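S.K.: 3D, please:
(4 chains)
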Protein chains: 2
Amino acid sequence: MADKGAIPDIPKDDAMLALDRQLCFAIYSAAHAFNRTYKPLLEPHGLTYPQYLVLLSLWQDDARTVKALGEALHLDSGTLSPLLKRLEASGYIARTRDRADERQVLITLTGKGKEMKASAHGILMEIGKASGCSAEELGALGTALKALADNLRARHEPDPAGQPENVLAK
Amino acid sequence: MADKGAIPDIPKDDAMLALDRQLCFAIYSAAHAFNRTYKPLLEPHGLTYPQYLVLLSLWQDDARTVKALGEALHLDSGTLSPLLKRLEASGYIARTRDRADERQVLITLTGKGKEMKASAHGILMEIGKASGCSAEELGALGTALKALADNLRARHEPDPAGQPENVLAK
DNA sequence: CGAAATCATATTGCGCGCAATTGAATTTTG
DNA sequence: CAAAATTCAATTGCGCGCAATATGATTTCG
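M.R.: Okay, here's the model as predicted:
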């Protein structure tokens, strides 16, 4: 059926594989490039990139539970528990059991953790220069990526307060 | 000096921190969202996402050294060596010492590795649907991300065949 | 009230990702 | 030609990232 007729579809599939490769590589290696760019700037402070993300989140909203942090960062306790212990050991945060509900652990910034916010501005300048993009471009890129990530996540997460979806379940 | 004069600059810095947070989170979580989306599709084949990226690269160019693969994927031997051993154990690739230069190891696709390319097309369709973006949008996003990653990398890598840079060294 | 279900965090196991080191092969140099 | 420098791959150690499981604490229900 597709012996030598107009445009066999194998090339089309290959083109799609090429597109897949391009986007997979692009996101994968952009994330790692970010990581590698931040690393030498964070190292003097004894911080890793994921730990810096936790601080970024806490600078916006201090005193949150592990669960709340995990939802903001899309990370589970398996990742956060040891990470937060290390952040505590470095003196950036404090972990205190909620007296009212002993299941929960409250994460709060220490003085050192709050002071680090000032240093972050300097780090930020370096990244801005390294990226070679304007603030507008970076903002637009962030928006596009967030939309993409949200779409992908919608496949996996149980629709938190979105559509009523299937009311018949259970 | 900046007691109540026109527009103190603390808010501006905070706005930049917010931008930083947005882009850091966006790339970070887009990468993880990709990972999580591919995982259930690759699991039946006994593949991880980084292993799939290696296959994508080999489908384009088979029979390459570990070093060449590492340059294409921006990964070093510390990551690739164990990963390639697992890919060999799963039967997707073969690792053979180069007879001419015994330092090098050639990575080649097995029959199973080549056959997997066909299944990849099906996986691709799923991702396309999950992303909720058109091929054009995904392509544009990939291009923007690649440019960003290249800019970031330019800070770290010693300019491979780019500008002559500093000819005086050594 | 008390057993069962649910919830929040911690732990374990495995696969990256990367810096630093090692070991063997090859090239460069004296 | 032999010693030194370089190159390629593998190994080690540590920090994620996530699934699966474990451990208490709290809520729900009978």
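S.K.: how far out from the middle of the chain is the helix or strand A:Leu138 falls within?
M.R.: Using DSSP states H and E, the element containing A:Leu138 is helix A:135-154. Taking the mean C-alpha point of helix A:135-154 and that of its whole chain, the gap between them comes to 11 Å (Cα atoms, centre = their mean, to the nearest Å).
S.K.: again, but for stretch A:66-76
M.R.: Going by Cα atoms, centre = their mean, the spacing between the C-alpha centre of stretch A:66-76 and its chain's C-alpha centre is 10 Å.
S.K.: again, but for stretch A:88-99
M.R.: For stretch A:88-99, the gap between its own C-alpha mean and the chain's C-alpha mean amounts to 22 Å (Cα atoms, centre = their mean).
S.K.: okay, buried residues for it please.
M.R.: Buried residues in stretch A:88-99, defined by neighbour count with 16 or more other Cβ atoms under 10 Å in any protein chain shown: A:90, A:92-93. No exception for glycine: its C-beta is placed from N, CA and C like everyone else's.
S.K.: show me which of these is closest to DNA strand C.
M.R.: DNA strand C lies nearest to A:Ile93 out of the buried residues of stretch A:88-99, by Cβ to the nearest atom of the strand, at 11.7 Å.
S.K.: contact partners for that closest one?
M.R.: The contact partners of A:Ile93, by Cβ atoms under 8 Å, 6 or more residues apart in numbering or on different chains, come to A:54, A:58, A:84, A:87, A:107-110, A:113.
S.K.: which residue is nearest the middle of chain A?
M.R.: Centroid check for chain A by Cα atoms, centre = their mean gives A:Leu73 as the closest residue, at 5.5 Å.
S.K.: phi and psi next, for that residue.
M.R.: A:Leu73 adopts backbone torsions of phi -100, psi 0, taken as degrees, to the nearest 10.
S.K.: and A:Arg103, by the same measure?
M.R.: phi -70, psi -30.
S.K.: do you know the pLDDT at it?
M.R.: Residue-level confidence at A:Arg103 comes out at 96, pLDDT.
S.K.: still on that earlier bit, which residues touch the helix holding A:Leu138?
M.R.: With contact meaning Cβ under 8 Å, 6+ apart, helix A:135-154 is reached by A:27, A:74, A:128, A:131, A:133, A:162, B:16, B:19, B:22-23, B:25-27, B:29-30, B:33-34, B:36-37, B:130-133, B:141, B:144-145, B:148.
S.K.: of the residues you listed, buried ones?
M.R.: Applying a neighbour-count criterion of 16+ other Cβ under 10 Å, the buried members of those are A:27, A:74, A:128, A:131, A:133, B:16, B:19, B:22-23, B:25-27, B:29-30, B:33-34, B:36-37, B:130-131, B:133, B:141, B:144-145, B:148.
S.K.: contact partners for A:Lys67?
M.R.: A:77, A:104.
S.K.: give the buried residues for the host helix or strand of A:Gly70.
M.R.: Assessed by DSSP H and E, A:Gly70 sits inside helix A:66-73. Residues A:66, A:69-70, A:72-73 are the ones in helix A:66-73 that count as buried (16+ other Cβ under 10 Å).
S.K.: just stretch A:98-108 next, same as before
M.R.: Neighbour counts using 16+ other Cβ under 10 Å place A:105-107 of stretch A:98-108 among the buried residues.
S.K.: and what of stretch A:137-154?
M.R.: Taking 16+ other Cβ under 10 Å as the neighbour-count basis, stretch A:137-154 is seen to contain the buried residues A:138-139, A:141-142, A:144-149, A:151-153.
S.K.: separation between A:Ala18 and A:Tyr28?
M.R.: 16 Å (Cβ to Cβ, to the nearest Å).
S.K.: which secondary structure state does A:Asp62 sit in?
M.R.: Using DSSP: H, G, I helix; E, B strand; the rest coil, the three-state assignment for A:Asp62 comes out as coil.
S.K.: biggest helix in chain A by residues?
M.R.: Taking DSSP state H as the assignment, the helix of chain A that covers the most residues is helix A:10-42.
S.K.: tell me which other helices or strands that one touches.
M.R.: If contacts are counted by 3 or more Cβ pairs under 8 Å, 6 or more residues apart in numbering or on different chains; DSSP states H and E, helix A:10-42 sits against helix A:49-60, helix A:111-131, helix B:10-42, helix B:49-60, helix B:111-131, helix B:135-154.
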